[in-house]
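Participant: Please work out how this folds:
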Amino acid sequence: MKYFVFTLLLITIVSCSDSPEEMLLKARLNFNKGAFETTRYYLDDIIKDDSSNIDALLMMGKLEFELKNYKEAVNNLTKAINVNPDFIAAYKERSKSYRELGMLDKAVSDLSKLISIYSNDGSMYLERANVYFEMNQMDNACRDWKKALELGDVDAGRIIEKFCTEMVIE
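Facilitator: Numbering: from 1, shown residues only. Have a look, this model is predicted:
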């Protein structure tokens, strides 16, 4: 009887603890509902147990970005990139945080990394062109907008018409 009760108690304890995957799923669900403190609770638990969990670090970066804690977002996303230097999603999210912090050169660097991996993605060129525009580097911006259009991003066409056409003086 003692063994039965002990086994039952052990099964109950083990079944009540969530796996990191389950906690990450709960974090995502809460994030999507806007329950940011609950999201943080799950992510903190995951990261406390495994500081190299890139999915949790990415989600924490997104959470911090949403809360306008851009420096913390960059810190978490950089940790994820340090664990996996090819973690595409972390570069994309970090570039957004760098833009918000006014660190435009670093945003361009992250976007350039993404373009080196996904050279056929017009949205990456469009995004980098927009950062170049913020930096007042119109030649680079127009070059990237044209590449984005060439790759099928139709939004780039309207931008090119507005900012990249040369005036003809008669």
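Participant: any idea which helix or strand of the protein has the worst average confidence?
Facilitator: helix 2-16 (a mean of 49; mean pLDDT, DSSP states H and E).
Participant: Low-confidence regions, the protein specifically.
Facilitator: For the chain, the stretches flagged by pLDDT under 70 are 1-17, 166-170.
Participant: could you pull out the helices for it?
Facilitator: Along the chain, counting by DSSP state H, helices occupy 2-16, 20-33, 36-49, 54-66, 70-83, 88-100, 104-117, 122-134, 138-150, 154-163.
Participant: Work out the gap between stretch 61-68 and the centre of the chain.
Facilitator: With CA atoms, centre = their mean, to the nearest Å as the basis, stretch 61-68 stands 10 Å off its chain's centre.
Participant: rewinding a little: and the helices of the chain as CSV, adding mean neighbour count?
Facilitator: C-beta: built from backbone N, CA, C; applies to glycine. Below are these laid out as CSV (neighbours: other CB atoms under 10 Å):
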stretch, mean neighbour count
helix 2-16, 9
helix 20-33, 16
helix 36-49, 17
helix 54-66, 22
helix 70-83, 20
helix 88-100, 21
helix 104-117, 18
helix 122-134, 22
helix 138-150, 19
helix 154-163, 14
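Participant: In space, not sequence, find me the middle residue of this protein.
Facilitator: With distances taken as CA atoms, centre = their mean, residue 93 lies nearest the centre of the chain, 2.3 Å away.
Participant: mind checking how far the residue lying closest to residue 63 once chain neighbours are set aside is from residue 30?
Facilitator: In space, and not counting its chain neighbours, residue 63 is closest to residue 39: 5.6 Å by CB to CB, 6 or more residues apart in numbering. To residue 30, residue 39 is 4 Å away according to CB to CB, to the nearest Å.
Participant: Same check on residue 122?
Facilitator: Distance check for residue 122 against residue 30: by CB to CB, it reads 33 Å.
Participant: repeat for residue 126
Facilitator: 31 Å.
Participant: and what of residue 63?
Facilitator: 10 Å.
Participant: go on, residue 47?
Facilitator: Distance from residue 47 to residue 30, by CB to CB: 15 Å.
Participant: Tell me who's in contact with the closest residue to residue 164 other than its chain neighbours.
Facilitator: Leaving aside its chain neighbours, residue 164 sits nearest to residue 142 (3.9 Å; criterion: CB to CB, 6+ apart). Contacts for residue 142 were tallied using CB atoms under 8 Å, 6 or more residues apart in numbering; they are 129, 160, 163-164.
Participant: and if you look at residue 106?
Facilitator: Residue 106 touches 95, 98, counting by CB under 8 Å, 6+ apart.
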